[in-house]
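> Fold the following.
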Amino acid sequence: MLTTRSLAKAGMHLAAAAAFGVAGLTAAAAETKWDMPTPYGDGNFHTQNIAAFAKDVSNKTGGSLNIQIHSAGSLFKHPEIKNAVRKGLAPIGELLVSRLANEDAVFGVDSVPFLASSYDKAWNLYQASKPALEEKLAEQGLQLLYTVPWPPQGIYAKKEVTKADDLKGLKFRAYNAATERLALLADAVPTQIEVPDIPTAFSTGRVEAMITSPSTGANSKAWDFLTHYHDTQAWLPKNMVIVNKGAFDGLSDAEKAAVLEAAAAAETRGWESSKAETKSKTAILVENGITVVEPSAQLLQDLAAIGETMAADWQEKAGDTGTAILDAYKAN
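Now for the predicted structure:
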């Protein structure tokens, strides 16, 4: 038989249970999950850096914000990622900055050949162009979180190249408008070749030289069809991680701070990882018989002249914003 005292006690337990249930529902409702599409596989150093970023965000927010990575284009393909984030179909995503160069020339500044030919110069160029990048993204409801460069681009050939004239008449791999223009300025013959076709193109004589990163050279086993790699560090194209501004603004102040802190750490870590990638992939080239060449003073001078022409082309397309970026970069 229930006494008044036992009924009161039971009521207290029920109230406590109800309060706990409400608190549990509130906590569950407060948890946010962000799907994040990325273009590259889990073994890629960019994706590995993003995995560390996502873990950092979860830890810093106590699990209130969790990022689910969808790598290798499994959620959205590379060309679709920016618009998916802009439309809110995915709150956050990664893409190659220069993929947006057709929208606005500002996005192509890190792919102007021989404008920033080292990690330090690439960092200075990024700092000079970052305000304009942020402004262009903000116009589309996007926010830049961080960037990470790919390894620098070098010249591969079947012989040592000591001056630009050595490229004259060679069939030179082109894969976009910039590399086609580069080949033409060097009096080479631009030939459109995609990455999967590189080995066959060299083996069959369709192409005799190319400019690409140590990573692509190692991954395509360049030693099977050429002999020399010239470490010109022609440009360091960057990937960027962007977030939908509405999604970011919907976070609590503490969560926003956590995301920004994690992004800053990811940027620092990513730039160092890129340097490590460059070193390890260049070592693989050497181990497999590729002669790695420090560019001659004459070659660097010739390439710098080509770079000045292409920078002027870019500046004309980018207008006053481009001029401001180049002025800020040269002032560093």
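
> what helix or strand does the residue lying closest to K130 once chain neighbours are set aside sit in?
Closest residue in space to K130, ignoring its immediate chain neighbours: L144 at 7.5 Å, by Cβ to Cβ, 6 or more residues apart in numbering. To be clear about C-beta, it is placed using only N, CA and C from the backbone, and glycine gets the same treatment. Using DSSP states H and E, L144 sits in strand 142-149.

> For that strand, give the mean pLDDT please.
Mean pLDDT, strand 142-149: 98.

> from here on, count from 8
Fine by me, first position is 8 from now on; the one you just mentioned is strand 149-156.

> the strands in the stretch 108-257 of the chain, which residues?
149-156, 161-164, 178-181, 196-199, 216-219, 235-237, 245-251 (DSSP state E, counting those that start in this stretch).

> JSON lines for these, including distance to D42 and mean neighbour count?
JSON lines is the format used below for the strands of the stretch 108-257 of the chain (distance: least, Cβ to Cβ, whole Å; neighbours: other Cβ atoms under 10 Å):
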{"stretch": "strand 149-156", "distance to D42": "15", "mean neighbour count": "22"}
{"stretch": "strand 161-164", "distance to D42": "36", "mean neighbour count": "24"}
{"stretch": "strand 178-181", "distance to D42": "35", "mean neighbour count": "23"}
{"stretch": "strand 196-199", "distance to D42": "34", "mean neighbour count": "17"}
{"stretch": "strand 216-219", "distance to D42": "31", "mean neighbour count": "26"}
{"stretch": "strand 235-237", "distance to D42": "39", "mean neighbour count": "22"}
{"stretch": "strand 245-251", "distance to D42": "11", "mean neighbour count": "24"}
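
> out of those, which comes closest to N73?
Of all these, strand 245-251 sits nearest to N73, with 14.4 Å by Cβ to Cβ.

> What strands line up against that closest one, and which way round?
strand 99-103 (antiparallel), strand 149-156 (antiparallel) (DSSP bridges).

> could you point out where the protein is predicted with low confidence?
The chain contains residues with pLDDT under 70 at 8-37.

> Domain map for it?
39-110+124-157+245-289, 161-241+297-338 (automatic domain parsing).

> follow-up on the earlier one: make CSV from the strands of the stretch 108-257 of the chain and add distance to T328 to it.
As requested, the strands of the stretch 108-257 of the chain are exported to CSV (distance: least, Cβ to Cβ, whole Å):
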stretch, distance to T328
strand 149-156, 16
strand 161-164, 30
strand 178-181, 27
strand 196-199, 28
strand 216-219, 27
strand 235-237, 33
strand 245-251, 17
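
> about what we covered before: contacts for the strand holding L151, please.
Defining contact as Cβ atoms under 8 Å, 6 or more residues apart in numbering, one finds that strand 149-156 is touched by 53, 56, 89, 92-93, 99, 104, 117, 126, 129, 133, 137, 140-141, 144, 243-252, 255, 266-267, 270-271, 273-274, 277-278, 280-281.

> thinking again about what came up before, minimum distance to A181: which of the strands paired with strand 245-251 has it?
Judging the strands paired with strand 245-251 by Cβ to Cβ, what sits closest to A181 is strand 99-103, at 17.2 Å.

> Extract the C-alpha trace of that closest one and format it as PDB.
The C-alpha trace of strand 99-103 is given here as PDB (Å, rounded to 0.1, in the frame of the first residue of the first chain):
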ATOM      1  CA  ILE A  99      31.100  22.900 -45.800                       C
ATOM      2  CA  GLY A 100      33.300  21.600 -48.600                       C
ATOM      3  CA  GLU A 101      36.800  21.500 -50.200                       C
ATOM      4  CA  LEU A 102      37.800  22.500 -53.700                       C
ATOM      5  CA  LEU A 103      40.700  23.700 -55.800                       C
END
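
> hmm, who's touching that strand?
Contacts for strand 99-103 (Cβ under 8 Å, 6+ apart): 41-46, 53, 57, 74, 83, 85, 88-89, 91-92, 152, 244-251, 254.

> can you check stretch 299-307 too?
167-171, 235-239, 289, 292-293, 310.

> Tell me the buried residues in that stretch?
300, 302, 306-307 (16 or more other Cβ atoms under 10 Å).

> For that stretch, what is the distance to the chain centroid?
27 Å (Cα atoms, centre = their mean, to the nearest Å).

> From start to finish, how long is it in a straight line?
With Cα to Cα, to the nearest Å as the measure, the ends of stretch 299-307 fall 15 Å from one another.

> Stretch 202-222 now?
12 Å.

> Please point out which parts of that stretch sit buried.
205, 208-209, 214-222.

> for those residues, which one is nearest P197?
Distances from P197 to the buried residues of stretch 202-222, taken by Cβ to Cβ, are shortest for V214, at 9.6 Å.

> picking that back up, just give me how far the strand holding L151 sits from the chain centre.
8 Å.

> Need the CA coordinates for that strand. CSV is fine.
Extracted C-alpha coordinates of strand 149-156, given in CSV (Å, rounded to 0.1, in the frame of the first residue of the first chain):
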residue,chain,number,x,y,z
LEU,A,149,30.4,31.7,-48.6
GLN,A,150,33.2,32.0,-46.0
LEU,A,151,36.8,31.0,-46.4
LEU,A,152,38.1,28.8,-43.6
TYR,A,153,41.6,27.9,-44.7
THR,A,154,43.8,27.0,-47.7
VAL,A,155,46.5,24.3,-48.3
PRO,A,156,48.8,24.3,-51.4
